[in-house]
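Trainee: Next come a sequence and a model predicted from it.
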Amino acid sequence: MTNATPETRKFEAEVAQVLHLVTHSLYSHKEIFLRELISNASDACDKLRFESIAQPDLLAGEGELQIQVSWDPQARTVTVRDNGIGMSRDEVVANIGTIASSGTRRFLEAMSTEQKTDARLIGQFGVGFYSAFVVADRVTVLSRRADLATGEGVKWESDGKGEYSLSQVDLPERGTAVILHLKADEDEFLKGWELRSLIRKYSDHVAFPIRMPKEQDGKPGEEFETVNDASALWAKPRNEISDEDYQSFYKSLGHDFNDPLAWTHNRVEGSQSFTTLLYVPEQPPFDLMMGGRDERKGLKLYIKRVFIMDAAEELLPNYLRFVRGVVDADDLPLNVSREILQHNRQLERIRAACVKRVLDLIEKLARDEPEKFATFYKSFGNTLKEGIAEDSANRERIAKLLRFASTKGEGAGQTVSLDDYIGRMTVGEDTIWYITADSYAAAVGSPQLEAFKAKGTEVLLMSDRIDEWMLGSLNEYAGKKLRNVAKGELPLDEAGKKQQEEANKAAEPLLKKLKDLLGDRAGDVRVSARLTDSPSCLALSDYEMAPHLARLLREAGHDMPESKPTLEINPQHPLLKRLEGEGDQARAADLANLLLDQAEIAAGAQLPDPAAFVQRLNRLIGG
């Protein structure tokens, strides 16, 4: 019974946008609404069970925690009800009428950038409730928080078109009921067998019983029966779980329509006992792509099957944030809190075990299933690279999993491991050579590779933005040093050193002329040991940032220290011969600056004056 006149409110702008997209754009996978509402109901039961540890009275009066799904062909309604924690009036407004989280904004961004609107986005951004409006033209929510009196129930109702009503009602039972008033063309969801099928497909392994009315003459009866497995999948022995069971559980856990790429299920016994069930997705979760590092999701944490936390980020390091799964510990204190999580030694051991299991799983893919590993690396290779800097204890294991294009490969799609590179080294070689650039084409075409190509020395071609940053923490692998071909002076044998000294001496007048012509633009000019075909290139000091990365950081608004580049030249190149004999000072200056411009462009640096470069080029071409 309603105790007060309903109050009408408008949705906040972002919720209205979500509702518009949901009701007008999601044509496929309509049945997602049932999975999302059952997931919300399961969360509510989990939260009540956790809060009841400190307040046992919250569970009084209603028996076991459960979820009910019922339908009414006459009224054309589907109802999902739980006897979980429930919501107060303020919580209803906060959870349904307004959304403060940036997840909604990212949901809208993802929906607007996807060429084909994808229902998978719904659950991944925590806006699953709104999927009800895919099949319903009106939704009613009745809810009472477990610690409130029966007269403090809340009724929320909306047609999803911009407004909702709120009123106070008497609700004798705690928990939440979501009543969907179905649209005229959604009769399929008024069939009991269809609802049962969807529950078994998406929610079979929800750890609470999902009950439905038994059918009598095709109509819902008075008696209810459990229609799901209603047990914690991870608690079962592995030999009792099929691949289909694992895949089904992942889909309900990860809000994903795709099967997982791989999973690992382990039980650790001993002084500290716990179970882990960890999944690697096939594709990057949208929150990983959109939210970046600041808003990742962690693993679900249970203690003795009691739900503790939905996103326990402390269980895995940041670079493994794409992993989904469950950890169920036997001997952590039940009153565990975030603060305790951050300083709990037992949890540190569980975290170490989770990292080991995930890396074991990825190594197994690399060893035994190369096609799956290639799929994994395409999706998560760059995220994995963050571990080189973040996880020094596992740096060697992570480095072993990395793959790069190479001058010995057959294109950007062909990659090699560091072990592959070492296996091709000749006796006595102790350096893994690489180059970083902002694209594969820039890397493979870099003039700094010329001497290495001439000698047949393999060079790894690194063109991901994270590579330069990562390599700051990867100085060696398997006893071999990693060196950038563009940094420092190249190691030369005695004959090479003598040849270089002679080249420098012969080019002294040309070097002086270039230094005078370039003035403050160049820090130094020297004869290159790197070049065989190109006229010039940039050389960096061992600790200098690659020009392409410095450019990206400046474009992102970071203050970067100005540094004068070192120009290396090939005195045998026709352009240098022309400069050497050029008597016109203006034309000589254009040639000198053009040599530096070319070197900066090839290195991915930002030209200080692009207009001047074009003018110089035009003057020289024009004769």
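Mentor: Okay, I see it.

Trainee: Please count neighbours and contacts with C-alpha atoms only from this point.
Mentor: Fine.

Trainee: before we move on, what SS does Leu549 have?
Mentor: Counting by DSSP: H, G, I helix; E, B strand; the rest coil, the backbone at Leu549 sits in helix.

Trainee: Report the contact partners of it.
Mentor: Listed by Cα atoms under 8 Å, 6 or more residues apart in numbering, the contact partners of Leu549 are Asp438, Arg465, Glu468.

Trainee: please redo it, this time with the cut-off set to 6 Å
Mentor: Neighbour list for Leu549: empty [criterion: Cα atoms under 6 Å, 6 or more residues apart in numbering].

Trainee: pLDDT score for it?
Mentor: On the pLDDT scale, Leu549 is placed at 76.

Trainee: and the gap between it and Leu607?
Mentor: According to Cα to Cα, to the nearest Å, Leu549 and Leu607 sit 14 Å apart.

Trainee: With Arg530 instead?
Mentor: 22 Å.

Trainee: if you count what's nearby, which of these two comes out ahead?
Mentor: Arg530 (25 against 15; other Cα atoms under 10 Å).

Trainee: which SSE is Ala146 in?
Mentor: Using DSSP states H and E, Ala146 maps to neither a helix nor a strand.

Trainee: Val154 belongs to a strand?
Mentor: Yes: per three-state DSSP, Val154 lies within a strand segment.

Trainee: for Ala539, phi and psi?
Mentor: In terms of degrees, to the nearest 10, the main-chain angles of Ala539 are phi -120, psi 140.

Trainee: I'd say it and Thr566 touch.
Mentor: Yes: at 5.4 Å, Ala539 and Thr566 qualify as touching, with contact defined as Cα atoms under 6 Å.

Trainee: who's more crowded, the two?
Mentor: Higher neighbour count among Ala539 and Thr566: Ala539, with 25 against 19, using other Cα under 10 Å.

Trainee: how close does Leu37 get to Phe133?
Mentor: 12 Å.

Trainee: So those two - more neighbours on which side?
Mentor: Phe133 (26 against 23).

Trainee: a helix runs through that one, doesn't it?
Mentor: Yes: applying three-state DSSP, one finds Phe133 inside a helix.

Trainee: Please give the number of neighbouring residues around Pro209.
Mentor: 21.

Trainee: Also the one 5 residues further on?
Mentor: The local packing of Lys214 (other Cα under 10 Å) involves 18 other residues.

Trainee: tell me the SS of it?
Mentor: strand.

Trainee: is it true that it touches Gly221?
Mentor: Yes: Lys214 is within contact range of Gly221, at 5.3 Å (criterion: Cα under 6 Å).

Trainee: Now do the nearest residue to Ala262 once chain neighbours are set aside, the pLDDT please.
Mentor: Nearest residue to Ala262, sequence neighbours excluded (Cα to Cα, 6 or more residues apart in numbering): Val280, at 5.4 Å. We have a pLDDT of 95 for Val280.

Trainee: Need phi/psi at Val280.
Mentor: According to degrees, to the nearest 10, Val280 has phi -100, psi 120.

Trainee: Next, work out how far apart it and Glu240 are.
Mentor: Val280 is 21 Å from Glu240, by Cα to Cα.

Trainee: And the two? Which one has more around it.
Mentor: Val280 (23 against 8).

Trainee: where exactly do the helices run in the stretch 151-300 of the chain?
Mentor: 192-202, 243-254, 286-291 (DSSP state H, counting those that start in this stretch).

Trainee: between these, which one is nearest to Arg357?
Mentor: helix 243-254 (16.6 Å; Cα to Cα).

Trainee: which stretch of helix or strand covers Lys453?
Mentor: Using DSSP H and E, Lys453 falls in helix 450-455.

Trainee: Give me the residues contacting that helix.
Mentor: Arg530, Leu531, Thr532.

Trainee: One more pass at 8 Å, please.
Mentor: By Cα under 8 Å, 6+ apart, helix 450-455 touches Thr407, Glu458, Val459, Ala529, Arg530, Leu531, Thr532, Asp533.

Trainee: Pretty sure Leu299 sits against Pro317.
Mentor: No: contact criterion Cα atoms under 8 Å: Leu299 and Pro317 do not qualify, at 11.0 Å.

Trainee: between the two, which one's more packed in?
Mentor: Higher neighbour count among Leu299 and Pro317: Leu299, with 24 against 17, using other Cα under 10 Å.

Trainee: How about the contacts made by the more buried one?
Mentor: Contacts of Leu299 (Cα under 8 Å, 6+ apart): Asp310, Ala311, Ala312, Glu313, Leu315, Leu316, Val323, Arg324, Gly325, Val326, Val327.

Trainee: The helix or strand hosting the first one packs against which elements?
Mentor: Assigning secondary structure by DSSP H and E places Asp310 in strand 306-312. For strand 306-312, the helices and strands in contact under the criterion 3 or more Cα pairs under 8 Å, 6 or more residues apart in numbering; DSSP states H and E are helix 32-54, strand 299-303.

Trainee: To Lys512, which of the ones you listed lies closest?
Mentor: strand 299-303 (63.0 Å).

Trainee: measure the residue lying closest to Asp559 once chain neighbours are set aside to Met560 for me?
Mentor: Closest residue in space to Asp559, ignoring its immediate chain neighbours: Leu553 at 7.8 Å, by Cα to Cα, 6+ apart. In this view, Leu553 and Met560 are 7 Å apart by Cα to Cα.

Trainee: All set now, cheers.
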